[in-house]
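Enquirer: Structure, please.
(chains A and B)
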Amino acid sequence: MSEGQGGASAPASRNLIRSPRDFWGGLSLVLVAAFAIWASSDLPGMRGFAFGPGTAPRMFAYCLMALGFGVMLVGILTDGPPMEDYSFTGTFGGAVLVVALIPIYFFAAQITKMVPSVSHDVVIAAAGTIVVVVLAFLLTHVAPRGPLFITAATIIFAIAVRPLGLVIASYISLVISANATKEVRWVETLAWCAVLTAFCSVLFPYGLNLPLQLWPRF
Amino acid sequence: MDLISNLAFGFSVAVTPMNLLLCLIGAVVGTLIGVLPGIGPLATIAMLLPITFGLPPVGALIMLAGIYYGAQYGGSTTSILINIPGESSSVVTTLDGHQMAKQGRAGPALAIAAIGSFIAGCFSTVLVAALGVPLTALALKFGPAEYFSLMVLGLVFAVVLAKGSVFKAIAMVMLGLLLSCVGSDIETGQSRLSFDIPELADGIGFVTVAMGVFGYAEIMRNLEQEESREIVEAKITGLMPTMKDFKDSFGAIMRGTALGSLLGILPGGGAVIAAFAAYTFEKKISKNPERFGRGAIEGVAAPESANNAAAQTSFIPLLTLGIPPNAVMALMVGAMTIHGIVPGPQVMTKQPELFWGLIASMWIGNLMLVVINLPLVGVWVSLLRVPYRLLFPAILIFCAIGVYSINNAPADAIMVAVFGFVGYWLVKCEFEPAPMLLGFVLGPLMEENLRRAMLIARGDPTTFLTRPISGVLLAIAAFLVVIALLPMIRGKRDEVFVESES
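Expert: I've put the predicted structure just below:
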């Protein structure tokens, strides 16, 4: 537990949660464990004295759950520093961007059914990029820019690299990522991203001989 | 003598032009990230793992090892000149190193740091070579029960030495173990916890977790801090230390090397702890401890020797037992697995060129580092003028392309982003991610050995206690946990050991 931040000096507060970092951290582990126990419930367990596929995951998950409760208990019984700003919004902001991809996948499937000439990948790349960027900018009102734009840039790279090729995907992703800090300077950013894109397009496919496609497929 | 002929063989592997070049690249990259604050060896090695794909395994490991010990050199430069530790293992060097710089003795401080590191590097290279054979012989006697207990001990060390609450560290290990279960079962091949998502059928990639939890989470955290990098132009006049400096620091270098070597071998140890311990030790045995913090040259020599020695000796458990003692070595396991090498005692017999070549390259790398660092100090310092807003997009795109290229799977890149904010959340809740990574790497091995041991003992769990070696290992582990929990019960915990290579 780190020193300072007034945690120790605060008198035994009347709140139920005296050390929020422990409490919420512990709770999230309990939830992960509960999810894993549920997800592994259909796996066969011990057969005689031999382990089944489900034995180890369940064992680890129950241990994790017990430890998670232990950490939560520490959060209730002892005093600790408060949560840092943005702890929740930063994490959930990133999660929202990833979850937003699920409807886009369904949407893209519909479009491809209606207009068979448009490839599924391209729809996802186009719609996904727009949605993720708009969402990221909207969320900056409540969440820190760092996690939002780092996540957004990575998602956009992932959905764009197949249909659009390395060059375009990297460039878009780099420019988006530059928004992760407030001190973005546009001219400098656009130029610097071009340099980086050029560097990556030479290094990975040629320098390292990785089978990456550079340009769009159509 | 065997040792000499083995080392000679190693050098013959290491001095091939290709391996020399890779060693140099590793050393330069290591120095670079050592100098730049906000990016550590862990994130860099995770980032570069996919790149080593196309290299021969020996060369790949030589390069990655160079990054790790190179970072220990580079970190000292910024600590001394501008009071910013480029690396967490150089935090203590700022205390006396920067004071020396303020007194106009930056040159000797830098030189002693480099010389100390070099001596430590030479010594630990020999140590790795000498301990390799006997430890491997021991490891070959290990059965599944012993291996399981050894891994328990390794994880317990990691927990005990981690920062903050022991509870939380154990929880992190458990989370890592649980994550390692995702994928197909080792015996039956049945898919577990993968929800029929094809991308998860092979399990969660090691690189994905490491990059997300260390690389991405680190960027997210750095972006929250205001940039306040002042470049203090320290004049470097005369690199050579005086005779008195040499005399003062010789003992410190030797003690730092010994302490660092020891802490490096122990699981859970590593460069950061070694540097702290060496500094504290020097201060305790010094005749006039009040000099420390005011520019004592021992305060530079000891931690810098220790962190370099530890960085190298931490390869011992990895190469002989196949157990990574810290998070960086866990990444090395990842690198070896990418190349189809199973870390463990068989590496030495089956791939002697890898084992001895790597050891020999460490010595060569250390020599290169002295050359890279001392005359080129000015170049490295001027690199600090590169603002972070230009740096992080580059790191990001390297990670994204790198992880995508492993399997050509876009889903992997998305997984990195997911682990990025998972890591962000964990750090915000003061969970140390390093034990999680160790748990994740050791998970499959542990499960396999546990299952085998239980099968051999016909389901009798006391086998772990009744087999002598296994019993002793578990007893040490239990003892350590009790020691670690005692101060917590009293409500206090020592803050000296700060393991934060994240």
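
Enquirer: Run a quick neighbour tally on A:D121.
Expert: A:D121 has 18 neighbours, counted by other Cβ atoms under 10 Å in any protein chain shown. In short, each C-beta sits where N, CA and C put it, glycine included.

Enquirer: same deal with B:I323?
Expert: 25.

Enquirer: so is it in a helix, a strand, or just coil?
Expert: coil (DSSP: H, G, I helix; E, B strand; the rest coil).

Enquirer: which ones are touching the residue lying farthest from the centre of chain A?
Expert: Centroid-distance maximum for chain A: A:G48 at 40.9 Å, with Cα atoms, centre = their mean. Contacts for A:G48 (Cβ atoms under 8 Å, 6 or more residues apart in numbering or on different chains) come out as B:G459.

Enquirer: for B:L179, what are its contacts?
Expert: Contact analysis of B:L179 by Cβ under 8 Å, 6+ apart lists B:I204, B:V209, B:M436, B:G439, B:F440, B:G443.

Enquirer: Got the confidence number for the third one?
Expert: In other words, B:M436. pLDDT for B:M436: 88.

Enquirer: lowest confidence element among the helices and strands of the chain?
Expert: Answering for chain A, as no chain was given. Least confident element among the helices and strands of chain A, by mean pLDDT, DSSP states H and E: helix A:101-114 (a mean of 81).

Enquirer: right idea, wrong chain: chain B
Expert: Min over SSEs of chain B, mean pLDDT, DSSP H and E: helix B:377-383 (a mean of 74).

Enquirer: Stretch B:365-377: which residues count as buried?
Expert: Neighbour-count burial for stretch B:365-377, counted by 16 or more other Cβ atoms under 10 Å in any protein chain shown, picks out B:G365, B:N366, B:M368, B:L369, B:V370, B:I372, B:N373, B:L374, B:V377.

Enquirer: what does it rub up against?
Expert: Identification of contacts with stretch B:365-377 by Cβ under 8 Å, 6+ apart yields B:23-24, B:26-28, B:30-31, B:62, B:65-66, B:69-70, B:73-74, B:77, B:81, B:110-111, B:114-115, B:117-118, B:121-122, B:125, B:236, B:239, B:308, B:380.

Enquirer: Helices - which of those land there?
Expert: B:23-24, B:26-28, B:30-31, B:62, B:65-66, B:69-70, B:73-74, B:77, B:81, B:110-111, B:114-115, B:117-118, B:121-122, B:125, B:308, B:380 (DSSP state H).

Enquirer: in chain B, which segments are predicted with low confidence?
Expert: B:1, B:37-39, B:84-88, B:162-163, B:226-239, B:267-270, B:384, B:487-502 (pLDDT under 70).

Enquirer: Roughly how far does A:R185 sit from B:G299?
Expert: For A:R185, the distance to B:G299 equals 41 Å [Cβ to Cβ, to the nearest Å].

Enquirer: correction: B:A258
Expert: Counting by Cβ to Cβ - B:A258 and B:G299 are separated by 17 Å.

Enquirer: okay, the two: which has more neighbours?
Expert: Counted by other Cβ under 10 Å, B:A258 and B:G299 do not tie: B:G299 has more neighbours, with 29 against 19.

Enquirer: Give the full set of residues in contact with the residue lying closest to B:C122 once chain neighbours are set aside.
Expert: In this structure, B:C122 finds its nearest non-sequential neighbour in B:W363, 6.3 Å apart by Cβ to Cβ, 6 or more residues apart in numbering or on different chains. Applying Cβ under 8 Å, 6+ apart to B:W363 gives the contacts B:G121, B:C122, B:T125.

Enquirer: what about B:W363, helix or strand, and which?
Expert: helix B:352-373 (DSSP states H and E).

Enquirer: ok, now which ones touch residue 100?
Expert: I went with chain A, as the question did not name one. A:V131, A:V132, A:L135.

Enquirer: was after chain B, sorry
Expert: Contacts here follow Cβ under 8 Å, 6+ apart; on that basis B:M100 touches B:I80, B:A106, B:P108, B:A109, B:G295, B:I297, B:V300.

Enquirer: Quick one: neighbours of the fourth one, just the number.
Expert: Spelled out, it's B:A109. Neighbours around B:A109, by other Cβ under 10 Å: 33.

Enquirer: Tell me how far the residue nearest to it when sequence neighbours are not counted lies from B:S76.
Expert: Residue nearest to B:A109 in three dimensions, not counting chain neighbours: B:M100, with 4.1 Å by Cβ to Cβ, 6+ apart. To B:S76, B:M100 is 12 Å away according to Cβ to Cβ.

Enquirer: which residues do those two both contact?
Expert: B:V300.

Enquirer: any idea which residue sits dead centre in chain B?
Expert: Most central in chain B under Cα atoms, centre = their mean is B:V328, positioned 3.5 Å from the mean C-alpha point.

Enquirer: List, one by one, the residues from the stretch 401-502 of chain B near chain A.
Expert: Applying Cβ under 8 Å from any Cβ of the partner chain, one finds that the stretch 401-502 of chain B approaches chain A through B:401, B:404-405, B:408, B:410-414, B:416-418, B:420-422, B:424-426, B:428-431, B:447, B:450-451, B:454-455, B:458-460, B:493, B:495.

Enquirer: make it 6 Å
Expert: Neighbours of chain A within the stretch 401-502 of chain B, by Cβ under 6 Å from any Cβ of the partner chain: B:401, B:405, B:410, B:413-414, B:417-418, B:421, B:424-425, B:428-431, B:447, B:451, B:455, B:458-459.

Enquirer: among these, which are in helices?
Expert: Using DSSP H, those in helices are B:401, B:405, B:410, B:413-414, B:417-418, B:421, B:424-425, B:428, B:447, B:451, B:455.

Enquirer: Please identify the one among the residues you listed that lies nearest to A:G26.
Expert: Using Cβ to Cβ, B:W425 is the member of those that lies nearest A:G26, at 12.4 Å.

Enquirer: Would you confirm that that closest one contacts A:T91?
Expert: Yes - using Cβ atoms under 6 Å, B:W425 makes contact with A:T91 at a distance of 4.2 Å.

Enquirer: Residue of chain A nearest chain B, please.
Expert: With Cβ to the nearest Cβ, the shortest gap between chain A and chain B falls at A:F49, namely 2.3 Å.

Enquirer: mind listing what that residue touches?
Expert: Neighbouring residues of A:F49 by Cβ atoms under 6 Å, 6 or more residues apart in numbering or on different chains: B:R458, B:G459.

Enquirer: Could you do the one 4 residues further on as well?
Expert: Contacts here follow Cβ under 6 Å, 6+ apart; on that basis A:P53 touches A:L43, B:D185, B:T188, B:Q190, B:R192.

Enquirer: Just the buried residues of these.
Expert: A:L43, B:D185, B:R192.

Enquirer: The residue nearest to B:L95 when sequence neighbours are not counted: neighbour count?
Expert: Sequence neighbours aside, B:G293 is the residue nearest to B:L95 in space, at 5.3 Å (criterion: Cβ to Cβ, 6+ apart). Here the count is done by other Cβ under 10 Å, and B:G293 has 12 residues near it.

Enquirer: Quick check: B:G293 vs B:K283, distance?
Expert: The value you get for B:G293 to B:K283, if Cβ to Cβ is used, is 9 Å.

Enquirer: Low-confidence bits of chain A, can you list those?
Expert: In chain A, residues with pLDDT under 70: A:1-15, A:217-218.
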